[in-house]
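Student: Structure of the sequence below:
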Amino acid sequence: MLLPLALLSFTNPTPPKEGKIFWDENNSLDWNLFLVKRTAVDNHAAQSNIGISSSCEYNNKGGKVTIRATFNRSNSWVRHDCLTGYILNHEQRHFDISELFARRFRKELSEAKITANNFNAKYKAIYNSIVAQHNDYQDLYDLQSEHSIDEEGQTQWNNKIDTELAELNDYAEPIVSVKFQ
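Tutor: Below you'll find the predicted structure:
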């Protein structure tokens, strides 16, 4: 499931021409990752198509779940007149929020009491809850930063997001090992 908004970092030294890239704390977004350049068609400066992707492999003993924050280059756009570092930071923070919720997903999944019989139901329930929280959090971020117009609000959110990512640093690894009880 993808959400429009937010920015991310990429793991590939040369990002793919199209498609998704994954969040990486060592790389930040740049405007070249936004494949669509627009003229002033609305009030927004940019829109990032972000989300949380997951895949899993399991057997009767357990499995591995890969959970990643993603940025879809093909569906992300920026207005020609808004190519500033300040706007880029706002978009990066949207992607950082996606990583924050990917970490929350990893944490909840690793702490859940999972059996072979309830894996699918637990996984789906956690995923649905995380996606709903993620959507609400993204909306709150834009509301309280006024889509980056409120500089003080943006600064407060920058600090909040950095703090919350650091608090969940133990869940930065994309792969979660699940052992069935």
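Student: who does the longest strand belonging to the chain touch, helix- and strand-wise?
Tutor: The residue-count maximum for a strand in the chain (DSSP state E) belongs to strand 62-79. Helices and strands touching strand 62-79, by 3 or more Cβ pairs under 8 Å, 6 or more residues apart in numbering; DSSP states H and E, are strand 2-4, strand 20-22, strand 36-38, strand 46-58, helix 85-111, strand 175-179. Every C-beta, even on glycine, is put in place using the N, C-alpha and C of the backbone.
Student: Just the buried positions in it, please.
Tutor: By 16 or more other Cβ atoms under 10 Å, the buried positions in strand 62-79 come out as 62-63, 65, 67-73, 75-79.
Student: State the pLDDT value of the closest residue to residue 153 other than its chain neighbours.
Tutor: Spatial nearest neighbour of residue 153, excluding adjacent residues (Cβ to Cβ, 6 or more residues apart in numbering): residue 145 at 4.4 Å. With respect to pLDDT, residue 145 scores 97.
Student: Wait, residue 145 touches residue 90, no?
Tutor: Yes - taking Cβ atoms under 8 Å as the definition, residue 145 is a contact partner of residue 90 at 6.9 Å.
Student: ok, the residue nearest to residue 153 to residue 66 distance?
Tutor: Noted for residue 145: a distance of 31 Å to residue 66, by Cβ to Cβ, to the nearest Å.
Student: Sketch out the low-pLDDT regions of this protein for me.
Tutor: For the chain, the stretches with pLDDT under 70 are 1-18, 39-42.
Student: Now stretch 100-118: buried residues?
Tutor: 100-109, 114.
Student: quick one, which of residue 145 and residue 90 is more surrounded?
Tutor: It is residue 90, of residue 145 and residue 90, that has more neighbours when counted by other Cβ atoms under 10 Å, with 25 against 20.
Student: Hmm, residue 155 and that one touching each other?
Tutor: No - applying Cβ under 8 Å, one finds residue 90 not in contact with residue 155, separated by 11.2 Å.
Student: What strand or helix carries residue 147?
Tutor: Residue 147 belongs to no helix or strand when elements are defined using DSSP states H and E.
Student: The residue at minimal distance from the centre of the chain and residue 20: what is the separation?
Tutor: Centroid check for the chain by Cα atoms, centre = their mean gives residue 98 as the closest residue, at 2.0 Å. To residue 20, residue 98 is 12 Å away according to Cβ to Cβ.
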